[in-house]
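K.L.:
sequence and predicted model, in that order:
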Amino acid sequence: MKLFNLLKIVGIKKERLQKIHWVLGFHAFSIILFLVFLDIMLGIFLFYNYVIIIQIEKQDMPVGAVKFEYDKFQTVLKELEAKQQMFQENPSGAPDGSYQNPFTPI
């Protein structure tokens with residue numbers, strides 16, 4: 001009921017709103033045909049953008065050679081070894097080294 005009061009304010013009559021269902025039902029085949037056509041066009045557009053254009057525009061590799069920075073690699077390796085050593089010393093992650101089994105009854 002509130003919707004119809006709102007529609008009166010906007011200027012849409014209840015009879016005209018109910019007529020939309022009959023128009024959609026009468027032209028159901030045309031509407032479905034239009035939606036299928038729209039879906040095909042959207043599929044073609046997406047296929048073209050994400051498959052065809054990517055194959056046409058081959059991405060070039062950067063001209064410069066990749067430089068391996070050994071000192072940055074060593075810092076990352078040291079951090080990884082420190083975390084691994086910490087896990088070996090305390091596998092539960094708890095400060096005291098013990099953990100509660102969540103499956104034991106209280």
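P.N.:
That came through fine. Predicted, not measured: the structure shown is a model, and the values here were computed from it.
K.L.:
which helix or strand in the protein has the lowest average pLDDT?
P.N.:
Across the helices and strands of the chain, mean confidence by mean pLDDT, DSSP states H and E is lowest for helix 2-10: a mean of 64.
K.L.:
gap between stretch 55-72 and the chain center?
P.N.:
28 Å (Cα atoms, centre = their mean, to the nearest Å).
K.L.:
burial of I31, as a residue count?
P.N.:
By other Cβ atoms under 10 Å, 13 other residues sit near I31. Every residue, glycine included, has its C-beta placed from N, CA and C.
K.L.:
can you check the one 10 residues further on too?
P.N.:
Neighbour count for M41, taken as other Cβ under 10 Å: 10.
K.L.:
just the element for it, please.
P.N.:
Applying DSSP states H and E as the criterion places M41 in helix 28-47.
K.L.:
could you point out the helix or strand that follows that helix?
P.N.:
helix 53-56.
K.L.:
can you tell me what sits against the helix holding M41?
P.N.:
Contacts to helix 28-47, defined as Cβ atoms under 8 Å, 6 or more residues apart in numbering, come from residues L24.
K.L.:
if we go to 10 Å?
P.N.:
Contact partners of helix 28-47, identified using Cβ atoms under 10 Å, 6 or more residues apart in numbering, comprise 23-25, 27, 52-53.
K.L.:
could you dump that helix to CSV, C-alpha only?
P.N.:
Taking C-alpha atoms only, helix 28-47 is exported to CSV below (Å, rounded to 0.1, in the frame of the first residue of the first chain):
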residue,chain,number,x,y,z
ALA,A,28,7.6,-12.5,-23.8
PHE,A,29,9.1,-14.2,-26.9
SER,A,30,10.5,-10.9,-28.2
ILE,A,31,11.9,-10.0,-24.9
ILE,A,32,13.6,-13.3,-24.4
LEU,A,33,14.9,-13.1,-28.0
PHE,A,34,16.3,-9.6,-27.3
LEU,A,35,17.9,-10.8,-24.0
VAL,A,36,19.5,-13.8,-25.7
PHE,A,37,20.9,-11.5,-28.4
LEU,A,38,22.2,-9.1,-25.7
ASP,A,39,23.9,-12.0,-23.9
ILE,A,40,25.5,-13.2,-27.2
MET,A,41,26.8,-9.6,-27.8
LEU,A,42,28.2,-9.4,-24.3
GLY,A,43,29.9,-12.8,-24.7
ILE,A,44,31.5,-11.7,-28.0
PHE,A,45,32.7,-8.4,-26.5
LEU,A,46,34.3,-10.2,-23.5
PHE,A,47,35.8,-12.9,-25.7
